[in-house]
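Novice: quick one, fold the following:
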Amino acid sequence: MTNQERGLFCQLIASLFSPPESEVILKVHQGAVHAFLKKYIEAWNEKITLLVDFLPDGAFQTFLEVLKNEYDTHFSCSIGGGISLIESYYKPWTQDMTCSLPFASSKGYLVGDSAVHLSELYRHCHIEVPEEFKAYPDHLVLELEFLSFLYQWATDGEIKKFIRDHLDWIPSLKEAFIRHHVHSFYLSVLEVLDLFLEKEKKRLEV
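Specialist: Got it, this is the predicted structure:
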């Protein structure tokens, strides 16, 4: 993959973890997303069956409604009965040993160290966070879009540091997907992302 291809890959996965929109899901239903990913899965010597959920059966509108319902059920709320797509939730709230708050070293809270750090990175890069993400700067969608930005403008060393520091929680997210019996389409999207990140870690020696 070239860095341009890596950037496009990250944008695609970000769009699939955003609230389902007709235009994006139509590309899935028509097989365009499957075709885009297939060449990389084959190049990585992985089984093409990993992409079976990117070729859905049935009518498009039915598939779209299923994904909308699934997204609303699992991902719309950041805590509680749903599954958080926010990095802070899966890590200790802060690494600051001088913090006296009783939940400082606990997981399951938002706006932790990762959110603060990413807000600073966005500011440094003159990136405006969309209104719907202002409270969650470390949301997976934003992290993937920022990674796409890095593939265009940053060095391999900077990309390596970002993946190491901010995308190391994906295995925990995958465990949550399995535990909550998330629709196989979303689990497949996450597995493809996890595979991509593993390949990048090896390439960059993270």
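Novice: residues contacting the spatially most central residue of the chain?
Specialist: Nearest to the mean C-alpha position of the chain, by Cα atoms, centre = their mean, lies residue 140 at 4.0 Å. By Cβ atoms under 8 Å, 6 or more residues apart in numbering, the contact list for residue 140 reads 14, 17, 85-87, 173. For glycine as for every other residue, the C-beta is placed from the backbone atoms N, C-alpha and C.
Novice: can you list which of those are found in helices?
Specialist: 14, 173 (DSSP state H).
Novice: pull out the buried residues from the contacts of residue 140.
Specialist: If you count burial by 16 or more other Cβ atoms under 10 Å, the buried members of those come out as 14, 17, 85-87, 173.
Novice: dump the residue contacts of the spatially closest residue to residue 34 that is not a sequence neighbour.
Specialist: Nearest-residue entry for residue 34: residue 54, 4.0 Å, with adjacent residues in sequence omitted and distances by Cβ to Cβ, 6 or more residues apart in numbering. The neighbours of residue 54, taking Cβ under 8 Å, 6+ apart as the test, are 28, 31, 33-34, 37, 185, 188.
Novice: same question, residue 27
Specialist: Taking Cβ under 8 Å, 6+ apart as the test, what residue 27 contacts is residue 33.
Novice: outside of the longest helix along the chain, which residues touch it?
Specialist: Once the chain is assigned using DSSP H, the helix that runs over the most residues is helix 184-204. With Cβ under 8 Å, 6+ apart as the test, helix 184-204 has contacts from 6, 9, 13, 16-17, 28, 37, 40-41, 44, 46, 50-54, 56, 67, 70, 74, 144, 156, 159-160, 163-164, 167, 170-171, 173-174, 177-178, 206.
Novice: count of neighbours near residue 88?
Specialist: When counting by other Cβ atoms under 10 Å, one arrives at 26 neighbours for residue 88.
Novice: that one reaches residue 116, doesn't it?
Specialist: No - counting by Cβ atoms under 8 Å, no contact exists between residue 88 and residue 116, whose distance comes to 9.1 Å.
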